[in-house]
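Chemist: give the three-dimensional model of this entry:
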Amino acid sequence: MISPRQVRILVPVFAAIVLLSLVWSSTRLSLDESGQAWHQNLLEKGTSWLGMNPVHEDFTVELDDSAAPAGVSPPPKHKPPTFGVGTPHHIPSSQLHKPTTSQSFHDKLSLVDAYPAAKYGPETLSVFQRIWVLTLEGKKDREQHMSTLASALNLNFTYHFGRNPFERDEDRKALEDIGTYTHWFREQAAYKDGEQELNGLGRKKMFKFEWSEDAAPGSAIRIQHDDLQGADLWVLPDGDPRKPQLPPDYPRYRLESNGKGGLKSIGRPAPEGVYDDSEMWPKQDWNPMDPGKVACFLSHYELIRKIAESEEEGPQLILEDDVDMEWDIDHRLRQMWQHLPPWDFVYLGHCFAEHGNKPSIDGTPYIRPMGSGMCTHAYAITPHGARRLVRFLRSPLFAFGRPIDHITMEMLHGFSRFLVEPPIVVQMPKDLLPSSIGTTELKQWLADSVFQRVLKVSGQETGKTT
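Modeler: Numbering: from 1, shown residues only. Sure, this is the predicted structure:
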C-alpha cells in the first residue's frame with residue numbers, strides 16, 4: 001500500500017513524464033513535416049538533373065544542406081555517377097520515401113523516342129507516303145494473307161491488280177502483243193550478214209542496241225497520263241491509231257494453255273533474254289521471257305508508272321502479296337532512314353544479293369550500297385526514281401528483255417540503290433503461298449516474324465500447338 005508521502009513524490013514524476021511525451025510528439029511531427037519537405041527537395045533536384053520524374057532510387061544527386069531539417073542528416077554530397085566507369089555511389093533506399101508509382105530505369109528508357117519525328121503516319125511505316133501491294137484480282141488466299149499482315153501491324157495498303165494471263169483473255173492478248181513486237185523491233189535492228197558483233201567473251205550480239213530518245217537523258221520530269229511511248233504502245237487495243245502497225249503477214253507470237261494451268265507459246269518461241277547492250281544471255285533454263293516473267297514485268301511496270309504519274313512526292317513502298325516482315329519494322333526503318341543519302345531504290349527484301357563488301361552507310365549498320373541481286377517482293381522507290389525508270393523500261397530494244405528483278409537490281413546504272421541487310425521483309429514459303437511465276441524458293445528467316453506471332457496466337461486460340 002502506497003503511503004501519502006510516496007503519492008506526493010510519484011504525482012510530479014508522472015506529470016513530468018506526460019509533459020515530456022507531449023513535447024516529444026510535437027517535435028516528431030515537426031521533424032516529419034520537415035523531412036518530407038527535404039525529401040521533396042531531393043526529388044525536385046533529381047528531376048532537374050535527370051529530366052525525368054520521379055528520380056530513380058539508384059541515382060545520386062547533390063542536395064542543399066539547408067533544406068535538411070534539424071535532426072535529419074542529409075547523405076554526403078557526391079557527383080552524378082559516371083556510367084560504365086567504376087561503381088557509382090547510391091542513396092540508400094532507406095533514406096528515401098520510395099514513390100509508389102516509380103518506374104524502373106529500363107521502363108523510363110523504353111519511353112524515349114530516339115528517332116526523328118516521323119514524316120508520315122505509322123499506317124505507312126512512318127517513312128513512306130504510301131504502301132502498295134501488287135496482287136492478282138480474285139486471289140482470296142493472298143487477299144487474306146495481306147489483310148492479316150495489315151491488321152497485325154495496323155498498316156494501310158493500296159492495292160494494284162497485276163496482269164493474269166493464265167485466267168484473263170485480255171491479259172493473255174497483251175502478252176502475245178508484247179512478244180510479237182519484241183521480235184519485230186529486234187529484227188529491225190538486227191545485224192546483217194557479215195556485221196555480227198561479238199563481245200569480249202566471244203558471245204554474239206543479237207542486234208544494234210540503243211536507248212529510245214526519252215530514256216537517254218534520264219529525265220525525272222513527272223510523266224503525264226497520256227505520255228505513251230515505246231513499249232507503252234504495244235499493249236494498246238487493236239484499232240488504236242497509236243499502236244504500231246505490223247505487216248499483215250508478219251508471224252505473230254501466240255499463247256495457249258499447256259493443260260497444267262500454265263501457258264505455252266505456239267507459232268514462234270518466246271523472245272530471248274538480253275543484256276542492255278543486246279548481248280545474248282547464256283542459255284539457261286529461265287533464258288526465254290516466258291509468260292510468267294513477262295506478266296510480272298508488265299505488272300511491276302504499270303505500278304511503277306502509276307507512281308511516276310502521281311503528284312505525290314513522297315517515297316513509296318511496293319510489296320508483293322506473299323510477304324512476311326519483322327514485327328518491329330517501323331522502329332527499324334525510322335532508325336535507318338534518318339541516315340540515308342539521296343536514293344532511288346531501297347530493297348527491304350531481296351535474294352542472292354551482293355554488295356561487293358561495300359561498307360554500310362554512316363549511322364546504321366543495316367543499309368549498304370547495292371551491288372547485284374534478285375527478287376522484287378519488297379522495294380522502296382522515290383517518284384524521281386520511278387520517272388526515270390519508266391523511261392528506261394519502255395525503251396523498245398530494252399523492254400521485256402529480262403525479268404524485272406534483273407533489271408532493277410543489276411542492269412540499271414546511274415540509279416542510287418541500297419539494300420537492307422539482313423532483309424527485314426521475306427517471302428512466305430511456297431508451300432503456303434505458291435507463286436504463279438514458278439520461281440525457286442529461297443529460304444530466309446526473320447528475327448521476329450509477324451506470322452510466327454500470328455501462328456502462335458492462332459494455336460493458343462484453337463488449342464493447337466504451332
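
Chemist: skip the chain neighbours and tell me the closest residue to residue 403.
Modeler: Distance criterion CB to CB, 6 or more residues apart in numbering; nearest residue to residue 403, sequence neighbours excluded, is residue 293 at 4.9 Å. Where you see a C-beta, it was placed from the backbone N, CA and C, and this is true even at glycine.

Chemist: also residue 186?
Modeler: Residue 186 sits nearest to residue 207 (CB to CB, 6+ apart), 5.0 Å away.

Chemist: give the rounded mean pLDDT of stretch 322-341.
Modeler: For stretch 322-341, the mean pLDDT works out to 94.

Chemist: for stretch 420-437, same thing?
Modeler: Mean pLDDT, stretch 420-437: 79.

Chemist: can you check stretch 160-172 too?
Modeler: 94.

Chemist: got the buried residues for that stretch?
Modeler: Neighbour-count burial for stretch 160-172, counted by 16 or more other CB atoms under 10 Å, picks out 160-166, 171-172.

Chemist: same question for stretch 408-427.
Modeler: 408-410, 412, 415-421, 423-427.

Chemist: now stretch 143-151
Modeler: For stretch 143-151, by 16+ other CB under 10 Å, it's 143, 145-146, 149.

Chemist: with adjacent residues omitted, what lies nearest to residue 251?
Modeler: Among residues not flanking residue 251 along the chain, residue 268 sits closest, at 5.6 Å (CB to CB, 6+ apart).

Chemist: now the one you found: how far from residue 421?
Modeler: Going from residue 268 to residue 421 by CB to CB, to the nearest Å gives 42 Å.

Chemist: what does residue 316 give?
Modeler: Taken as CB to CB, the span from residue 316 to residue 421 is 21 Å.

Chemist: now swap in residue 113 and tell me
Modeler: Residue 113 is 25 Å from residue 421, by CB to CB.

Chemist: residue 205 too?
Modeler: From residue 205 to residue 421 the distance is 35 Å (CB to CB).

Chemist: low-confidence stretches in the stretch 351-466 of the chain?
Modeler: Counting by pLDDT under 70, the stretch 351-466 of the chain has low-confidence residues at 355-356, 409-413, 431-442, 460-466.

Chemist: can you give me the strands for the chain?
Modeler: Per DSSP state E, the chain carries strands over the ranges 130-135, 158-161, 254-257, 263-266, 316-320, 323-325, 345-347, 351-354, 367-369, 372-374, 378-381, 417-420, 425-427.

Chemist: before we move on, back to that, and which of the buried residues of stretch 408-427 is nearest to residue 444?
Modeler: residue 426 (4.1 Å; CB to CB).

Chemist: how about that closest one, nearest residue that isn't a chain neighbour?
Modeler: Spatial nearest neighbour of residue 426, excluding adjacent residues (CB to CB, 6+ apart): residue 444 at 4.1 Å.

Chemist: give the contact list for residue 120.
Modeler: By CB atoms under 8 Å, 6 or more residues apart in numbering, residue 120 lies in contact with 126-129, 314.

Chemist: same check on residue 224?
Modeler: By CB under 8 Å, 6+ apart, the neighbours of residue 224 are residue 309.

Chemist: need the pLDDT of it.
Modeler: For residue 224, the predicted pLDDT is 93.

Chemist: how about the buried residues of stretch 143-151, which pair is most distant?
Modeler: Farthest pair in the buried residues of stretch 143-151 (CB to CB) is 143 and 149. Separation: 11.0 Å.

Chemist: common neighbours of those two, please.
Modeler: With CB under 8 Å, 6+ apart, residue 143 and residue 149 have no common neighbours.
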